[in-house]
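Asker: The following block contains a protein sequence and its predicted model.
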Amino acid sequence: MKTHSAPYITTVCLGLAAFLASPLVLAEPLASWNDSDSKKAIIEFVENVTDPDSDDFVPEEQRIAVFDNDGTLWTEQPMYFQLAYALDRAATAEESRLDTEIKKAAAKGDIGPAMAAGMEGLAEVIAISHADISVDDFQADVRDWLASAKHPDTGMAYTDMVFQPMLELLDYLREEDFDTYIVSGGGIHFMRAFATETYGIAPQNLVGSRVNVELVDQDGTLTLMKRAGIDYVDDGPGKPVAIDEKIGVRPIMAVGNSDGDVPMLTWTTEGDGPRLGVLVHHTDGEREVAYDRDSHFGKLDKGLDEATDRGWVLVDMANDWSAVYPEAP
């Protein structure tokens, strides 16, 4: 039997340890995703578009992935978190700002009249806290609110109710030299208050809805002031238009969860070359909330009907994810 000296064994052990610690030995991506067809489809797509020897190879500068926010990256029930912020601030607003019945109802926590009035009603509620305030002061107030506000059902901080599997997907794509963007119906200034810290997405990579903004001179200092009224709504057919204007490149991957995201996924996946559309289906009534066709927020009806024919990945939250929220530190 051949034996080896102690220095030889030591050298082999050190070499093995170095190999195991090297970047070549990578942890499996999407650790909180079960070994499902959804996970396999996503990984297969990413591997194909990043492999220079693949017929589906896509250069780095064209690897654009866009994500909806509400219901896709974090929870959106029982209402959009930005609306929860607006209601909280309405409850403490000065009486002079509550100049309509819809606003007065909102100040009492009743969102019904605003919902019945549609977008115009919601715009009234939003204006209580989103108008006649500088962009800087507004974002500082949002950060203060997020630091202390708790979700009414879970008691968790809102920024703790992000989806762990989606955080992993964002990280995985960036490791593979994708540029990741948020394209959301949520307010651009609201999202900029937390998106970098929460998702690792820079402010310039956020596309969202916007109220009117005015540049004013305040005692010799130029200040951006938020005003009443909607400049544009980044939802439904507005999403592809906003992507074209703000990003300038058709993405190769789009991820959403509602019918408001269907035009973005359709436009993305109808482009030339390899494309991937992903819809998150909220099927988990135990760990989150189960909803789709009849929901007031995040309604998924048309998307459910079209996903299979269009070849989109339909993520079944209950079965495809081993975890929903990040574990508490």
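Answerer: Yep, that arrived. Numbering: from 1, shown residues only.

Asker: Need the per-residue pLDDT for the closest residue to A202 other than its chain neighbours.
Answerer: Spatial nearest neighbour of A202, chain neighbours left out: T196 (5.9 Å); criterion: CB to CB, 6 or more residues apart in numbering. Just so you know, the C-beta spots here come from the backbone N, C-alpha and C atoms, and that holds for glycine as well. Per-residue confidence (pLDDT) for T196: 97.

Asker: just the helices in the stretch 151-300 of the chain please.
Answerer: Using DSSP state H, counting those that start in this stretch, the helices of the stretch 151-300 of the chain run over residues 164-175, 188-192, 195-199, 238-246, 262-269.

Asker: Nearest to V289, out of those?
Answerer: helix 164-175 (15.8 Å; CB to CB).

Asker: can you list contacts of that closest one?
Answerer: 29-33, 42, 46, 63, 65, 67, 72-73, 180, 199-201, 253, 255, 280, 320-321, 323-327 (CB atoms under 8 Å, 6 or more residues apart in numbering).

Asker: P59 is in contact with I252, correct?
Answerer: No - the pair I252 / P59 is not scored as a contact, 10.6 Å apart, by CB atoms under 8 Å.

Asker: who has more neighbours, these two?
Answerer: I252 (23 against 10; other CB atoms under 10 Å).

Asker: Distance of the more buried one relative to G220?
Answerer: 47 Å (CB to CB, to the nearest Å).

Asker: And A323, by the same measure?
Answerer: Distance of A323 to G220, computed by CB to CB: 52 Å.

Asker: who has more neighbours, the two?
Answerer: The residue with more neighbours, out of A323 and G220, is A323; 15 against 5, by other CB under 10 Å.

Asker: wait, doesn't the more buried one sit right on N34?
Answerer: No - assessed by CB under 8 Å, A323 is found out of contact with N34, at 9.9 Å.

Asker: Next, the contact list for N34, please.
Answerer: N34 is in contact with 319-322, counting by CB under 8 Å, 6+ apart.

Asker: And for S38?
Answerer: 278, 313-316, 320.

Asker: What's the local residue count around the closest residue to E306 other than its chain neighbours?
Answerer: Distances taken as CB to CB, 6+ apart place V262 nearest to E306, at 6.9 Å, with adjacent residues excluded. Using other CB under 10 Å, V262 has 25 other residues around it.

Asker: ok, V262 touching G256?
Answerer: Yes - between V262 and G256 there is a contact at 7.4 Å, judged by CB under 8 Å.

Asker: so what sits against both of the two?
Answerer: By CB under 8 Å, 6+ apart, the residues touching both V262 and G256 are G303.

Asker: circling back to that earlier point, compute the distance between the residue nearest to A202 and D68, please.
Answerer: Where D68 is concerned, T196 sits at a distance of 18 Å (CB to CB).

Asker: quick one, which of these two is more surrounded?
Answerer: D68 (28 against 14).

Asker: Who are the contact partners of that one?
Answerer: Per CB under 8 Å, 6+ apart, neighbours of D68: 182-185, 255-258, 260-261, 264.

Asker: Between those residues, which sits nearest D234?
Answerer: Distances from D234 to the contacts of D68, taken by CB to CB, are shortest for G185, at 5.6 Å.
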